[in-house]
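Participant: Sharing a sequence plus its predicted fold:
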Amino acid sequence: MVSEYVQSEQFRGARIHLCNLAGLEIRDCEVDSLKIVDCYGSDVYLGGFFERLVVNDVDVTAYVEAELDRRHPARMLARDAASPEDYRAAWDAIETLWDATLDRARLLPEAKLHEQVDGEWSLVETQRHLLFACDAWLGNAVLEEEAPYHPLGLPAGGTPPDAAARLGLTLDAVPTLDEVLAPRLARMAAMRRVVDGLTATELDRACGRKPADMYPDQEYVVRRCLKVVLKEEAEHHRYAVRDLAVLEGVSEPQ
């Protein structure tokens, strides 16, 4: 049986020496100043957001970012969006990507769309998460809708079940892809309307709400909220096509 450690402080500042860590998985953790020194192995995988990443004394941060941007140009459009025109261009690219990817996904049996690859979210779960992200950062924060959260939305991993329940989310739901896409595509259409009408003044408007109760009490500006939606869409599309290639049994283009 695999040992699991959740929300534990016992490894903070620890030194692990001469141990067999084969198969160790670290997920959704704070790893600031993590060091792996004089270790050996094969198939070592790192995934996440690293402000600085050094491998064998070589800073590879810029290389990794540039390579990801080369393979997935929409992530750069999302990250660098500044003007209303930039936001529209980024959303144009995201819509085009998802149109093609969802058409590709529909060629698979429904059961495959619920299958997780290496413990990551399934394609259906990814759509549920993006539904929630848009509900929170657009529907609630920017548009201040009366009932912004759809029950099929899926928040970030580690969200307390009681916090999700207070938003009306049904975490254990098992909807079909089409059941998720009905509200998901409606929310994408709302984003389309917002970016089409964007002005520089609106981008700098302070929102009257935060995305959800579990988010910190701080100022949320429209440009920040919309950029979160853009970046979530771009990054999760990257994950989705990576895992879709596995489900299809083909190699993802490099």
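Facilitator: Yes, it's here. Since the model is a prediction, treat every value here as computed from it, not as a measurement.
Participant: check contacts around the spatially closest residue to Val142 that is not a sequence neighbour.
Facilitator: Computed as CB to CB, 6 or more residues apart in numbering, the closest residue to Val142 that is not its neighbour in sequence is Cys225, at 5.2 Å. Heads up, the C-betas are built off the backbone N, CA and C, glycines and all. By CB atoms under 8 Å, 6 or more residues apart in numbering, the contact set of Cys225 is Trp137, Leu138, Ala141, Val142, Cys207, Pro211.
Participant: cool, and Ala78?
Facilitator: By CB under 8 Å, 6+ apart, the contact set of Ala78 is Ala90, Ile94, Lys227, Leu230, Lys231, Glu233, Ala234.
Participant: The fourth one - how many residues pack around it?
Facilitator: Residue neighbour count, defined by other CB atoms under 10 Å, stands at 24 for Leu230.
Participant: what's the spacing between it and Ala133?
Facilitator: When CB to CB, to the nearest Å is the yardstick, Leu230 and Ala133 sit 10 Å from each other.
Participant: Also the second one?
Facilitator: In this structure, Ile94 and Ala133 are separated by 12 Å, where distance is defined by CB to CB.
Participant: Now for these two: what residues contact both?
Facilitator: In contact with both Ile94 and Ala133: Glu233, using CB under 8 Å, 6+ apart.
Participant: any idea which element the residue nearest to Val142 lies in?
Facilitator: Cys225 belongs to helix 222-248 when assigned by DSSP states H and E.
Participant: who's in contact with Arg184?
Facilitator: Gln127, Arg128, Leu130, Leu131, Cys134.
Participant: Of those, just say which sits nearest to Gly48.
Facilitator: Closest to Gly48 out of the contacts of Arg184 is Leu130 (18.6 Å), distances taken as CB to CB.
Participant: To what extent is that closest one buried, counted in neighbours?
Facilitator: Residues near Leu130, counting by other CB under 10 Å, number 24.
Participant: Ok, Glu65 next?
Facilitator: Glu65 has 15 neighbouring residues, counting by other CB under 10 Å.
Participant: What separation do you get for it and Thr96?
Facilitator: Counting by CB to CB, the separation of Glu65 from Thr96 is 22 Å.
Participant: Same question for Leu226.
Facilitator: For Leu226, the distance to Thr96 - CB to CB - is 18 Å.
Participant: And the helices in the stretch 101-250 of the chain, which stretches?
Facilitator: For the stretch 101-250 of the chain, applying DSSP state H, counting those that start in this stretch gives helices covering 123-134, 161-166, 177-196, 200-203, 222-248.
Participant: ranking the ones you listed by mean pLDDT, which is last?
Facilitator: Comparing mean pLDDT across the helices of the stretch 101-250 of the chain, the weakest is helix 161-166, with a mean of 92.
Participant: Restrict it to CA atoms and write it as CSV.
Facilitator: What follows is helix 161-166 as a C-alpha-only set of coordinates in CSV (Å, rounded to 0.1, in the frame of the first residue of the first chain):
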residue,chain,number,x,y,z
PRO,A,161,-14.9,19.7,0.4
ASP,A,162,-16.9,22.0,2.6
ALA,A,163,-15.6,25.1,0.8
ALA,A,164,-16.7,23.5,-2.5
ALA,A,165,-20.1,22.6,-1.1
ARG,A,166,-20.7,26.2,0.0
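Participant: what comes up buried for that helix?
Facilitator: In terms of neighbour count (16 or more other CB atoms under 10 Å), helix 161-166 has its buried residues at Ala164.
Participant: Run through who's touching that helix.
Facilitator: Defining contact as CB under 8 Å, 6+ apart, one finds that helix 161-166 is touched by Pro155, Leu171, Ala212, Asp213, Met214.
Participant: Excluding covalently adjacent residues, which one is nearest to the second one?
Facilitator: The shortest distance from Leu171 to any residue that is not its chain neighbour, by CB to CB, 6+ apart, is 5.4 Å, and that residue is Ala164.
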